[in-house]
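**Student:** Provided below are the primary sequence and the corresponding predicted coordinates.
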Amino acid sequence: MSSTNVALRLDNLCKSFGRIRAVDHLSLDVHCGQMVGFLGPNGAGKSTTLYMIPRLVRPSAGRIEIFGHNVWDHFKKAIRHVGTMVETPSFYEYLSARKNLKLVARLHEGVTDGQIDNILDRIGLCERQNDKVATYSHGMKQRLGLGMTLLGRPKLLLLDEPTNGMDPEATREILTFLRERVTQDGLAVFISSHLLHEVQEYCDNVFIINHGGLIASGNVKEILARHDNVVRVTFNGATPDCSQLTSQDGIEHAETLSTGSLEITLANRDAAWLNSFLLSKGYEVSALIPRQRTLKEFFLSITGEQNDA
Amino acid sequence: MRNMVAPLLYNEITKASRTKLPYFGIIAAAIICVLTFVVTKAIASQETLNGWGYASLSMQWVFSDIGLIFVAVFSAMLIAEETSSGTARTVLSAPVSRWEFYLAKVLTGLIYAMLVSIASLIMSVFLGSLHYQFGDIADSAGLVYAKREVLANFLIAFFLSWLPLASTVLYGIFISTIVRKTGQAVAVAIGTIYLIDFTKHFIGIDSYVFTRYLGFSWGIFHQVAQGVDYQWLPGTWRMVAVSLVYCFVAFTLGLAIFARRDFNG
């Protein structure tokens, strides 16, 4: 990717709260036309990072660029095409959804009533648009928060747990819509989420942080393809003990499923090797079904390793 | 890039017009005007009090108590409410600089103080005209002050009273930048104003506290209304200086704090 295509660049970003280092020399690029997942356990520094991008929190060190503009030197130029939703979206609860959107629309150039109508339609709040936001459910507020980020035709969206509290249908609709915008319009989406199956399904790239620092990054499919495989094994007769298996080099994890089968996570080995190994130990394998690791499994293994260390 | 103060101010007015507090403040000021009217009508005859005198008493009472409280509460809520509810994050994530947000808040507070002041003035003049005369000031020896001179002094008193009111607004906004919770910001603003007001005589700082001057210009005008000698200077200079110093210090400190504040959670 060329540097002119970079929507968001974090360069050696640091943030300390007293003696606690929340973000530690974090560097990453988000390109136009990409939906990028930003993952990490609680307290890893995700929200602090998202707060620093629109200058809501002052970094201790480092540089943030949006479309080539340093946010601390040229804030308005940098932020004018950015839609931000950090943590729980906040509204003037005594006003309607439409009025809330109009207030924010005034802060962006050229947002028409027609665009507000389109956004209300897209987030499914047309029928309740004139009701006070105080009467909305959590999921409706979340949808309204997402709607606000779409005002001003953004080219970069910064979203923190955007589908939190939404029902599965609404979640799918919103993420599909964002995915279409990414593919068709070249929108860049930087999305922090704990719903890892969503990230795996919709995101192109992923950045995983822990203790404020980047621990893994890359294309989601490539990461999962190059990392360990998981194999489900069914035996005829005796089943090996999980603790014995995990002590074997090449086997990272093994657990017994409710069906009696074993699920074995391999480290730098494949299913053929596992089959040979089990046969050499005298076990009779009746079925061996390899599957790729999910992002959730990869995330847990990589953050677990870090925390153990 | 587009200056955002005007759109932000428009938003502030939209929001304020949809909440109850600003209306309560204006109604409370009107009630004080009515109470002043009832009391002065009961204890003072038309020979000893005229319309000008009633209006000056009414304006003094409004801004030495209820008006002061509502202006301070409204100002103290302006930023603290947005910080505690999280809406400040939404606004500051848009192409809006911190000083524009802050300036829009200051202008909103000042406009509200002026509205309360103008509403009180209209109510005082209206009620005064029901029972008293707004004419020349005369005594047994004849004309003391012509109506034109009295009206000029009346307007001077009215516009000068905005200076200590502006100090109240900026003090409230300053508190609003250092206290994040709305209720706490209101309590701190009102609490400190009254604490200073009650103790200023004992510690000899009376002349240096802006609250002393909230009714100052109306006090001078009351002398005009009574037909006695009046003297705007040098007291007015002190009032102007003290009010402007408070305005400048509160505005600058508030902006410095607000510009450097983190808005995380």
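**Tutor:** Sure thing, it's come through. Numbers count the residues shown, from 1 in each chain, chains lettered A, B, ... in the order given.
**Student:** For the rest of this, base every contact and every neighbour count on C-alpha atoms.
**Tutor:** Will do.
**Student:** in the chain, which helix or strand is least confident?
**Tutor:** All of this is about chain A. Lowest on mean pLDDT, DSSP states H and E among the helices and strands of chain A sits helix A:295-308, with a mean of 76.
**Student:** nope, chain B
**Tutor:** Sorting the helices and strands of chain B by mean pLDDT, DSSP H and E puts strand B:137-139 at the bottom, at a mean of 83.
**Student:** Can you list the neighbours in contact with that one?
**Tutor:** Here strand B:137-139 makes contact (CA atoms under 8 Å, 6 or more residues apart in numbering or on different chains) with B:Leu143, B:Val144, B:Tyr145, B:Ala146, B:Lys147, B:Val150, B:Ala225, B:Gln226, B:Gly227.
**Student:** Not counting sequence-adjacent ones, nearest residue to the fourth one?
**Tutor:** I take that to be B:Ala146. Spatial nearest neighbour of B:Ala146, excluding adjacent residues (CA to CA, 6 or more residues apart in numbering or on different chains): B:Asp136 at 4.7 Å.
**Student:** pLDDT score for that neighbour?
**Tutor:** Note for B:Asp136: predicted pLDDT of 87.
**Student:** what sits against it?
**Tutor:** By CA under 8 Å, 6+ apart, the residues touching B:Asp136 are B:Leu143, B:Val144, B:Tyr145, B:Ala146, B:Lys147, B:Arg148, B:Val150.
**Student:** One more: A:Met166?
**Tutor:** A:Met166 is in contact with A:His138, A:Gly139, A:Met140, A:Gln142, A:Arg143, counting by CA under 8 Å, 6+ apart.
**Student:** measure it to chain B for me?
**Tutor:** To chain B, A:Met166 is 20 Å away according to CA to the nearest CA, to the nearest Å.
**Student:** repeat for A:Gly147
**Tutor:** Distance from A:Gly147 to chain B, counting by CA to the nearest CA: 12 Å.
**Student:** number of nearby residues for that residue?
**Tutor:** Using other CA atoms under 10 Å in any protein chain shown, A:Gly147 has 23 other residues around it.
**Student:** Who does A:Val206 form a beta bridge with?
**Tutor:** A:Gly37, A:Gly218 (DSSP bridges).
**Student:** Write a PyMOL command that selects only the buried members of the contacts of strand B:137-139.
**Tutor:** A single PyMOL command is used to select the members of those judged buried by 16 or more other CA atoms under 10 Å in any protein chain shown:
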select buried, chain B and resi 144+145+147+150+225+226+227
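**Student:** Any of the contacts of A:Met166 buried? List them.
**Tutor:** For the contacts of A:Met166, a burial check counting by 16+ other CA under 10 Å picks out A:Gly139, A:Met140, A:Gln142, A:Arg143.
**Student:** what are the ranges of the helices in the chain?
**Tutor:** Just so you know, I chose chain A. Applying DSSP state H to chain A gives helices spanning A:46-52, A:75-79, A:97-105, A:113-122, A:138-149, A:168-185, A:196-202, A:220-226, A:242-246, A:271-280, A:295-308.
**Student:** my question was about chain B
**Tutor:** Along chain B, the segments classed as helices by DSSP H run B:5-17, B:21-43, B:51-64, B:66-85, B:87-92, B:98-131, B:147-160, B:162-178, B:182-199, B:216-226, B:235-260.
**Student:** helices or strands up against the longest one?
**Tutor:** Secondary structure elements in contact with helix B:98-131, counted by 3 or more CA pairs under 8 Å, 6 or more residues apart in numbering or on different chains; DSSP states H and E, are helix B:5-17, helix B:21-43, helix B:51-64, helix B:66-85, helix B:162-178, helix B:235-260.
**Student:** now the contacts of B:Asp136 in a markdown table, with pLDDT and distance to A:Gln200?
**Tutor:** Converted to a markdown table, those look like this (pLDDT from 0 to 100; distance: CA to CA, whole Å):
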| residue | pLDDT | distance to A:Gln200 |
| --- | --- | --- |
| B:Leu143 | 85 | 90 |
| B:Val144 | 84 | 88 |
| B:Tyr145 | 87 | 85 |
| B:Ala146 | 90 | 85 |
| B:Lys147 | 90 | 82 |
| B:Arg148 | 92 | 80 |
| B:Val150 | 92 | 79 |
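**Student:** re the thing from before, B:Phe63: which of the helices of chain A is closest?
**Tutor:** helix A:97-105 (32.7 Å; CA to CA).
**Student:** on that earlier part again, rebuild the contacts of B:Asp136 as TSV, extending it with distance to B:Ser129.
**Tutor:** As requested, these are exported to TSV (distance: CA to CA, whole Å):
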residue	distance to B:Ser129
B:Leu143	20
B:Val144	21
B:Tyr145	19
B:Ala146	18
B:Lys147	14
B:Arg148	17
B:Val150	15
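**Student:** where are the low-confidence patches of the chain?
**Tutor:** I went with chain A, as the question did not name one. Scanning chain A with the threshold set as pLDDT under 70 gives A:1-4, A:226-228, A:305-309.
**Student:** ah, no, chain B please
**Tutor:** In chain B (pLDDT under 70), the answer is B:46, B:265.
**Student:** list the contacts for the nearest residue to B:Lys105 once chain neighbours are set aside?
**Tutor:** Nearest residue to B:Lys105 in three dimensions, chain neighbours excluded: B:Leu78, at 6.4 Å (CA to CA, 6+ apart). B:Leu78 makes contact with B:Lys105, B:Gly109, B:Ile173, B:Ser176 under the criterion CA under 8 Å, 6+ apart.
**Student:** rerun at 7 Å
**Tutor:** Going by CA atoms under 7 Å, 6 or more residues apart in numbering or on different chains, B:Leu78 touches B:Lys105, B:Ile173, B:Ser176.
**Student:** quick one, which of the helices of chain B is nearest to A:Tyr202?
**Tutor:** The nearest among those, by CA to CA, is helix B:87-92 at 25.8 Å.
**Student:** buried stuff in the closest one?
**Tutor:** For helix B:87-92, the neighbour count (16+ other CA under 10 Å) marks B:Thr87, B:Ala88, B:Arg89, B:Thr90, B:Val91, B:Leu92 as buried.
**Student:** near chain A, from these?
**Tutor:** Subset of those in contact with chain A: B:Thr87, B:Arg89, counting by CA under 7 Å from any CA of the partner chain.
**Student:** For A:Ile123, state which of the buried residues of helix B:87-92 is nearest.
**Tutor:** Comparing these against A:Ile123 with CA to CA places B:Thr90 closest, at 18.1 Å.
**Student:** In stretch A:9-22, which residues are buried?
**Tutor:** Those would be A:Arg9, A:Leu10, A:Asp11, A:Asn12, A:Leu13, A:Cys14, A:Lys15, A:Ser16, A:Arg21, A:Ala22, for stretch A:9-22 by 16+ other CA under 10 Å.
**Student:** before we move on, what about stretch A:234-247?
**Tutor:** The neighbour-count check on stretch A:234-247 (16+ other CA under 10 Å) flags A:Thr234, A:Phe235, A:Thr239, A:Pro240, A:Leu245, A:Thr246 as buried.
**Student:** Could you do stretch B:18-27 as well?
**Tutor:** Judged by neighbour count (16+ other CA under 10 Å), stretch B:18-27 contains these buried residues: B:Pro22, B:Gly25, B:Ile26.
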